[in-house]
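Q: quick check, what structure comes out for this input:
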Amino acid sequence: MSVWDDPDLRAGGEFVKLENRGDRVSGLITAVRSHTFDDGKKVPQVLFVDDVTGDERTWTAGQVQAKTKLSELRPEAGDWFSAELTDIERRAGGKTLKHFSIEVNRGGRPAAGAAAAGAAAAQQTDMASVFANLTPEQRAALQQQAATAPPF
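A: Predicted structure coming up:
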């Protein structure tokens, strides 16, 4: 292994945040490393290839629930994972406790349902890019065809 394979030396990808109920990330883990905040607190940081976009992303599991669940599941490079923010519990003093659903599958394979959901999302993304690149004439033709098509 080269020094350049060390996860601590890798830049990682765009950072993702799970801020709203239902926010979700999933993908193939390329590295798991320790991240130290300015206050000295250490948390896991997951570098992964996003199932939907194919881009490398970085998720820092700073919330106590996320850190605890990741510590229990112990994901490694080559595993597939998903993390979803399921609830935000209001606490005294304006604080919040975020609840997460985290899944880890060894060997890089998502669960069947997750794989289908990821494929459907990727297909929707691809279709959106196709429609975005249509000429005005092509859009008008599609709208005309949709208006005259029989209902399902």
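Q: what's the closest non-adjacent residue to Glu103?
A: Ser82 (4.8 Å; Cβ to Cβ, 6 or more residues apart in numbering). For the C-beta atoms, the positions are set from N, CA and C on the backbone; glycine is no exception.
Q: shaky segments in this protein?
A: 1-12, 111-134, 145-146, 149-152 (pLDDT under 70).
Q: for the most centrally placed residue in it, helix, strand, or coil?
A: When Cα atoms, centre = their mean is applied to the chain, the residue found nearest the centroid is Val25 (1.7 Å). Of the three states, Val25 takes strand according to DSSP: H, G, I helix; E, B strand; the rest coil.
Q: any idea what it is bridged to?
A: Per DSSP bridges, residues listed as beta-bridge partners of Val25: Ala83.
Q: and Leu18, backbone torsions?
A: The phi/psi pair for Leu18 (degrees, to the nearest 10) reads phi -110, psi 100.
Q: quick revisit: show me what contacts the residue nearest to Glu103?
A: By Cβ atoms under 8 Å, 6 or more residues apart in numbering, the contact set of Ser82 is 24-26, 101-103, 110, 114.
Q: repeat that for Leu70.
A: With Cβ under 8 Å, 6+ apart, Leu70 has these contacts: 44, 46, 61, 102.
Q: need the residues you listed in TSV (columns: distance to Pro136, neighbour count and secondary structure).
A: Below are these laid out as TSV (distance: Cβ to Cβ, whole Å; neighbours: other Cβ atoms under 10 Å; DSSP: H, G, I helix; E, B strand; the rest coil):
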residue	distance to Pro136	neighbour count	secondary structure
Pro44	49	19	strand
Val46	43	28	strand
Ala61	46	22	coil
Ile102	45	19	strand
